[in-house]
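> Have a look at this fold, sequence not included:
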Ligand SMILES: O=C(CO)[C@H](O)[C@H](O)COP(=O)(O)O
């Protein structure tokens, strides 16, 4: 699996530990930065670049997922979700790590580095990567509705209020 990682200053240590872990596990890790600690850096560009790379890989048939870290993970998730085709889930326990794949077919996981130990983050990420999207019809239907809104602005099955 190719894993695109991005963070900001708040998650830099997590990102570096995670990159070592994922490389040991046999994944191909692509680091979208930042490369050094700057307490004033801004997460959007790093996270958007990682999400864009995930979507581009998936569209090219390459198996890829993304991981974005920040202090809370909230802004990082928002940034990733601005990318067309990205489905970024904020994960904060084991259940949300599994559900992000099983129900949402998330292709990016967002984690708050100030909210968890590194061991917890490793568990969430390993679970996220190992969990397939079973493709149950109701979940696929809802994901397709999101994609339709994203590409056409149409809200499936409803008139615009
Ligand atoms: O989690 C984040 C965004 O959702 C950022 O990592 C966080 O806001 C950075 O905060 P600060 O500039 O105070 O270190």
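Received it, and whenever you're ready, just let me know what you need. What you see is a predicted model; the values in this text were computed from it and never measured. Numbering: from 1, shown residues only.
> Quick check, residue 143 in contact with residue 102.
No - Residue 143 is not in contact with residue 102 according to CB atoms under 8 Å; the separation is 11.7 Å. For glycine as for every other residue, the C-beta is placed from the backbone atoms N, C-alpha and C.
> And the residue nearest the centre of this structure?
Taking CA atoms, centre = their mean, the centroid of the chain lies closest to residue 108, which sits 1.7 Å from it.
> residues near the residue of the chain found nearest the ligand, how many?
Nearest to the ligand, among the residues of the chain, is residue 75, at 2.8 Å (CB to the nearest ligand atom). Around residue 75 there are 19 other residues, counting by other CB atoms under 10 Å.
> got the buried residues for the host helix or strand of it?
Applying DSSP states H and E as the criterion places residue 75 in helix 74-81. Buried residues in helix 74-81, counted by 16 or more other CB atoms under 10 Å: 75, 76, 77, 78, 79, 80, 81.
> need the residues you listed in TSV with pLDDT and distance to residue 123, can you?
Putting the buried residues of helix 74-81 into TSV (pLDDT from 0 to 100; distance: CB to CB, whole Å) gives the following:
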residue	pLDDT	distance to residue 123
75	98	23
76	98	19
77	98	19
78	98	24
79	98	24
80	98	21
81	98	23
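> for the residues you listed, which one is nearest residue 89?
Nearest to residue 89 out of the buried residues of helix 74-81 is residue 77 (CB to CB; 7.2 Å).
> What's opposite the spatially closest residue to that closest one that is not a sequence neighbour in the beta bridge?
In space, and not counting its chain neighbours, residue 77 is closest to residue 110: 3.6 Å by CB to CB, 6 or more residues apart in numbering. Residue 110 forms beta bridges with residue 68, residue 90, as assigned by DSSP bridges.
> I'd assumed residue 92 was in contact with residue 110.
No - in terms of CB under 8 Å, residue 110 does not count as a neighbour of residue 92; the distance is 9.4 Å.
> which one of those two has more residues nearby?
The neighbour comparison of residue 110 against residue 92 (other CB under 10 Å) goes to residue 110, with 29 against 17.
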